[in-house]
Every structure is written in C-alpha cells, then in structure tokens.
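Enquirer: my questions are about this predicted structure, shown below with the sequence.
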Amino acid sequence: MWLTSCGAYGFAAAVTGLHIRRVDGAAPVQDLRDWQHVHNTIIPTHVLSLDDVRGRAGRNHLELAYLDGVLVGNSTVRPPEDDTATATVIARVLDGHRRQGLGEQLYARGLERARELGARVIETVVLESNTDGLRFALKHGFVEIERYLLEGDSIPWIDLRLA
C-alpha cells in the first residue's frame with residue numbers, strides 16, 4: 001500500500017497495490033517504454049521516441065505508476081529554470097484507470113517534488129482534447145494562462161498556472 005501525506009497540500013488517499021517509481025537516465029529500457037506508452041497514449045499529437053524519453057529523464061523528474069502490477073500512469077516535474085522559480089507538474093492517468101484517486105497521488109507527489117526543487121510557481125500543460133486532464137487541472141486550482149498551437153499541430157495546448 002502507498003499512502004500520500006496530507007502535508008500542506010491537503011491530499012490523503014490510500015490505494016492498495018499502487019507502486020510508483022522514478023524513471024531516470026539510467027532506468028531500464030522497459031521503464032522508458034512504459035513511460036513513453038502513457039505519454040503517447042494521452043498525447044497522441046506529440047509522439048515521443050525512446051531517445052526523447054531518455055532525454056526528458058535526464059532533465060526532468062519522471063515517475064511511473066503501477067496498480068497491482070498494471071501500468072496506470074506517469075508524471076513529469078520540470079524543475080524551475082533560471083530565476084523564474086516556475087516548475088511544471090504533469091500527472092497522466094490512462095483512461096481506464098481515471099477517477100480512482102491515482103491522479104491525485106501522482107499530482108501530490110509531483111507538487112511536493114517541485115517545491116523541494118525550489119518552485120514558488122506551479123504550472124501545468126494540457127492538450128485541449130484531453131477534457132479529463134483539463135477538468136482535473138481546473139478542479140485543483142489551476143487557471144488558464146495561454147492557448148497555442150505548435151507547428152504542425154491542429155489541437156491547441158493549454159498552459160495553466162496554480163492560483
């Protein structure tokens with residue numbers, strides 16, 4: 001069993017059988033593939049290669065979530081850069097596993113990690129077509145700050161900031 005801490009963020013939930021582990025630059029290839037699978041499933045407009053994932057694992061704090069041995073999600077924390085003190089926290093849960101508190105736990109861990117890295121401002125980014133992800137972000141106090149299209153994309157990205 002894995003239990004989040006309430007701490008300053010007010011999240012507390014237990015999910016029996018939930019296992020979360022870090023994916024870093026030295027992670028086994030299967031971990032990189034699992035992280036890639038979740039990302040590419042939820043963000044089909046921005047498919048990442050294994051080399052892309054390996055690069056992100058070197059720059060960011062990546063985690064994988066398994067429930068009773070089944071891959072259910074992943075997360076990304078992009079640490080603050082320069083003097084901005086702004087970190088990006090992204091929690092992704094595969095469609096068949098949503099609304100069970102898994103996103104809450106991934107998000108709480110990501111938020112805690114961002115704060116440990118010195119973040120004073122927290123942002124997230126959601127693909128407009130990911131209505132569950134957008135609803136989750138808005139429910140957790142994020143407000144939209146920008147919508148934009150990347151070159152070649154037809155679905156806008158939404159940047160949100162924790163109010």
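Expert: All right, it came through fine.
Enquirer: CA only for contacts and neighbour counts going forward, please
Expert: OK.
Enquirer: quick one: low-confidence ranges for this structure?
Expert: 1-16 (pLDDT under 70).
Enquirer: quick check, distance from the helix or strand encompassing Asn40 to the centre of its chain.
Expert: Following DSSP states H and E, one finds Asn40 within helix 29-42. Here helix 29-42 shows a centroid-to-chain-centroid distance of 12 Å under the convention CA atoms, centre = their mean, to the nearest Å.
Enquirer: just the buried residues of that helix, please?
Expert: Residues of helix 29-42 classed as buried: 31-32, 34-39, 42 (neighbour count, 16 or more other CA atoms under 10 Å).
Enquirer: now stretch 130-139
Expert: Buried, per 16+ other CA under 10 Å, within stretch 130-139: 133-134, 136-137.
Enquirer: what's the closest of those to Glu81?
Expert: Using CA to CA, Ala137 comes nearest to Glu81 of the buried residues of stretch 130-139, at 22.1 Å.
Enquirer: in contact with the closest one, which residues?
Expert: Ala137 sits next to 124, 143, 160 when contact means CA atoms under 8 Å, 6 or more residues apart in numbering.
Enquirer: in strands, which of the residues you listed fall?
Expert: Members of these lying in strands (criterion: DSSP state E): 124, 143, 160.
Enquirer: could you turn the buried ones of these into a ChimeraX selection?
Expert: A single ChimeraX command suffices to select whichever of these are buried according to 16+ other CA under 10 Å:
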select :124,143,160
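Enquirer: could you tell me how many residues sit around the residue lying closest to Gly17 once chain neighbours are set aside?
Expert: Among residues not flanking Gly17 along the chain, Asp68 sits closest, at 4.7 Å (CA to CA, 6 or more residues apart in numbering). Neighbourhood size, Asp68 [other CA atoms under 10 Å]: 13.
Enquirer: ok, Val93 next?
Expert: 27.
Enquirer: over to Gly69?
Expert: Gly69 has 10 nearby residues by other CA under 10 Å.
Enquirer: any idea how far Ser129 is from it?
Expert: Distance, Gly69 to Ser129, using CA to CA, to the nearest Å: 29 Å.
Enquirer: do Ala163 as well
Expert: 23 Å.
Enquirer: same check, this time on Ala57
Expert: In terms of CA to CA, Ala57 sits 25 Å off from Ser129.
Enquirer: fine by me, thanks again.
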